[in-house]
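1. Could you look at this predicted model? Sequence included:
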Amino acid sequence: MAEPGEREEQESAAEIGRRLRALRKQLGWTLGEVEQQSGGEFGGSVVGAYERGERVISVPRLLSLLQLYGAPVEVVMPSDSRGRPSTVSDSGVVIDLSEVRKLGPRWEALQRFIERIERQRGDFNGRVLTLRNSDLDVLAMTFDLERDALVNKLQQAGVAERRQK
């Protein structure tokens with residue numbers, strides 16, 4: 001039987017998978033067409049496993065697949081406990097971009113994710129970046145942590161602070 005944290009991860013993966021399937025169906029693509037459209041980057045059987053929640057998709061792969069689909073990350077993020085998308089609000093967590101750039105290879109996924117957010121938002125001030133709840137959810141899944149544990153780790157690494165909303 002799955003532990004509570006594992007259950008939540010499985011439920012999130014299943015929800016993200018359902019939303020990925022809905023996006024693919026909106027495009028009218030089969031799994032084979034995803035493979036063709038991606039130039040083989042995404043195998044049909046792997047995308048099917050993501051859609052069924054059998055495999056957890058990594059953040060870089062999720063972002064690449066969403067780019068292929070022409071969809072923002074917000075459309076696949078699970079809802080919060082009140083049934084609202086968890087992406088709707090600022091988390092109050094501010095990232096010091098210069099400190100993130102100094103982190104070692106252990107934090108490479110964070111660095112790539114932050115760079116992608118900067119590009120998507122067109123926010124290149126180079127000093128700070130305020131994470132949205134959806135950003136924290138994706139990062140927490142990437143690092144296999146609960147949201148608060150992730151924020152604590154980022155604070156301990158000296159790259160984040162929590163501001164009052």
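-> Cool, got the structure. This structure is a prediction, so every number in the text was calculated from the model and none was measured. Numbering: from 1, shown residues only.
2. if I pick the residue nearest in space to the middle of the chain, what's in contact with it?
-> Central residue check for the chain by CA atoms, centre = their mean: the C-alpha nearest the mean position is that of Val138, 3.0 Å away. Applying CB atoms under 8 Å, 6 or more residues apart in numbering to Val138 gives the contacts Val59, Leu62, Val73, Met77, Phe113. Yep, even glycine has a C-beta here, placed from its N, CA and C like the rest.
3. quick check, nearest of these to Ser12?
-> Met77 (8.8 Å; CB to CB).
4. Just the ones in helices from the contacts of Val138, please.
-> Val59, Leu62, Phe113 (DSSP state H).
5. and of those residues, the nearest to Asp144?
-> Closest approach to Asp144 among the ones in helices among the contacts of Val138 (CB to CB): Val59, at 11.7 Å.
6. Chain neighbours aside, what residue packs nearest to the closest one?
-> The shortest distance from Val59 to any non-neighbouring residue, by CB to CB, 6 or more residues apart in numbering, is to Thr142 (4.6 Å).
7. these two touch, right, that neighbour and Ile57?
-> No. When contacts are counted by CB atoms under 8 Å, Thr142 is not listed as touching Ile57 (10.1 Å).
8. neighbour count winner among the two?
-> Ile57 (24 against 18; other CB atoms under 10 Å).
9. Looking at per-residue confidence, what score does the more buried one get?
-> Looking at Ile57, its pLDDT is 89.
10. about what we covered before: could you flag which of the contacts of Val138 are buried?
-> Those of the contacts of Val138 that meet the buried threshold are Val59, Leu62, Val73, Met77, Phe113, by 16 or more other CB atoms under 10 Å.
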